[in-house]
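Peer 1: A predicted structure for the sequence below; I have some questions about it.
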Amino acid sequence: MLLKFKTGLESALAALTSFMLAVMVCLMLWQVFTRYVLQTPALFTEEMLRFTMIWMALLGSAYCFGRRKHLSLVFVLEVLSPPKRRVVTIINDIIVLCFAFFILFLGGIRAVESTMQQFSPILRVPIGYVYLILPITAVLIFILQSLNMIDVIQNGDRSNTSQKKSLEEA
């Protein structure tokens, strides 16, 4: 059941980030069209693109943590025995959980609170809404990384073997 929830959450994140990328492409095309064809640039597109990129990048990072596709030093794990690999993976997961809680969640809450009275120059949106993605991403990373850690504790480190298989197939 946890695996089904995790897969569903990852699929939702993949769909959302893909949608955001499509929106960004449309905004960029509209910006180019209005600037060079209509000779009157649509100013709102620059802020929308910036805000959408921030949200897309952070949601994409949560997706990567869930799939264990984030940047990592795989060669360090490959030289370890399976029990040691499991311990190092769990320690890494705990460090990620601490980062998600203390930096992204608590720091994100402070950033949202301190910038709710600041407004973007063109859209007049509170900047706190842009920073709201930090605690949202923290919660998502915390959930996905916890599920990854439960999987490693119960089943061992299968992610390394799947990474080896995908590298061999490439």
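Peer 2: Sure thing, it's come through. As the structure is a computational prediction, the values presented were derived from the model and not from experiment.
Peer 1: List of residues touching stretch 39-56?
Peer 2: Stretch 39-56 has contacts (C-beta atoms under 8 Å, 6 or more residues apart in numbering) with 17, 20-21, 23-24, 27-28, 30-31, 34-35, 120-123, 125, 130, 133. All C-beta atoms are positioned from the backbone trio N, CA, C, and that covers glycine.
Peer 1: try it again with 7 Å
Peer 2: Stretch 39-56 is contacted by residues 17, 20-21, 23-24, 27-28, 30-31, 34-35, 120, 122-123, 130, 133 when judged by C-beta atoms under 7 Å, 6 or more residues apart in numbering.
Peer 1: Give me the buried entries from those.
Peer 2: Among the contacts of stretch 39-56, those buried by neighbour count (16 or more other C-beta atoms under 10 Å) are 17, 20, 24, 27, 31, 120, 130, 133.
Peer 1: Just send these back as JSON lines, with distance to residue 114 too.
Peer 2: JSON lines is the format used below for the buried ones among the contacts of stretch 39-56 (distance: C-beta to C-beta, whole Å):
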{"residue": "17", "distance to residue 114": "27"}
{"residue": "20", "distance to residue 114": "25"}
{"residue": "24", "distance to residue 114": "27"}
{"residue": "27", "distance to residue 114": "28"}
{"residue": "31", "distance to residue 114": "30"}
{"residue": "120", "distance to residue 114": "15"}
{"residue": "130", "distance to residue 114": "13"}
{"residue": "133", "distance to residue 114": "15"}
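Peer 1: which one of those residues sits closest to residue 147?
Peer 2: residue 17 (18.9 Å; C-beta to C-beta).
Peer 1: Quick one: neighbours of residue 142, just the number.
Peer 2: Using other C-beta atoms under 10 Å, residue 142 is surrounded by 19 other residues.
Peer 1: tell me the contacts of it?
Peer 2: 97, 100, 101.
Peer 1: Would you work out how far apart the start and end of stretch 105-121 are?
Peer 2: 26 Å (C-alpha to C-alpha, to the nearest Å).
Peer 1: for stretch 66-77, same thing?
Peer 2: Termini of stretch 66-77 sit 18 Å apart (C-alpha to C-alpha).
Peer 1: any idea how far it is from the chain center?
Peer 2: Here the centre of stretch 66-77 is set off from its chain's centre by 15 Å, with C-alpha atoms, centre = their mean, to the nearest Å.
Peer 1: change the start of the numbering to 41 and stick with it
Peer 2: Will do, 41 is the new start, and the previous item becomes stretch 106-117.
Peer 1: average pLDDT across it?
Peer 2: Averaging pLDDT along stretch 106-117 gives 82.
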